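Trainee: sequence and predicted structure are below.
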Amino acid sequence: MKTMEIARKLVELCAQGKNMEALNTLFAQDAVSVEAAVPPGMQREAKGLAAIKAKGEWWLANHEVHSAAMTGPWPHDDRFIVGFQYDITNKPSGNRMKMNEVGLFTVKNGKIVREEFFYDMGA
C-alpha cells in the first residue's frame, strides 16, 4: 500500500475503534512508537509490534473511551499526520477528561515503521 492508502485505512480503523486491527495489519513487526511522556511503568519508546500492542492494551485497560474522533490524514512524502480527539475517563482515578493529540507516522515498504505522539501534559 502507498502512504496515503495506509493513512486513510488507519483513520478508518481507529474511527471504528479497531485500533488493534490497525496495529495487526498496518504496522511493521519492528515498528517503534514514541510517546511525548513516559506512560506509567513503561518506557517512552515501545520497540517492536509486541511492545506497541502491550502499550495499547494497557491504555485500553486503564481508560474508558466515551467518544473518539480523528482528523486528517495529512500526507508529506513517506509520512502523515493524524489528529486524535478523545473523551475518556481514567479508570484508576475516575477523572474524566478531553484528550487531544497528534500522531506523526512514517511508512516504509508498505507498513508503518514509526509513530510519534504529540500532546500537552499540562507542564
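Mentor: Sure, I can see it. Residues are numbered from 1 along each chain as shown.
Trainee: ranges for the strands of the chain?
Mentor: 27-34, 45-47, 63-76, 79-90, 96-108, 111-118 (DSSP state E).
Trainee: columns mean pLDDT on top of those strands, output as CSV?
Mentor: Listed next are the strands of the chain as CSV, based on pLDDT from 0 to 100:
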stretch, mean pLDDT
strand 27-34, 97
strand 45-47, 95
strand 63-76, 94
strand 79-90, 95
strand 96-108, 95
strand 111-118, 97
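Trainee: who wins for proximity to residue 4 among these?
Mentor: Checking the strands of the chain against residue 4 by C-beta to C-beta gives strand 63-76 as the closest, at 5.2 Å. The C-beta positions use only the backbone N, C-alpha and C, and glycine is treated the same way.
Trainee: for the most centrally placed residue in the chain, list the residues it contacts.
Mentor: Nearest to the mean C-alpha position of the chain, counting by C-alpha atoms, centre = their mean, stands residue 103 at 6.4 Å. Listed by C-beta atoms under 8 Å, 6 or more residues apart in numbering, the contact partners of residue 103 are 81, 82, 84, 115, 116, 117, 118.
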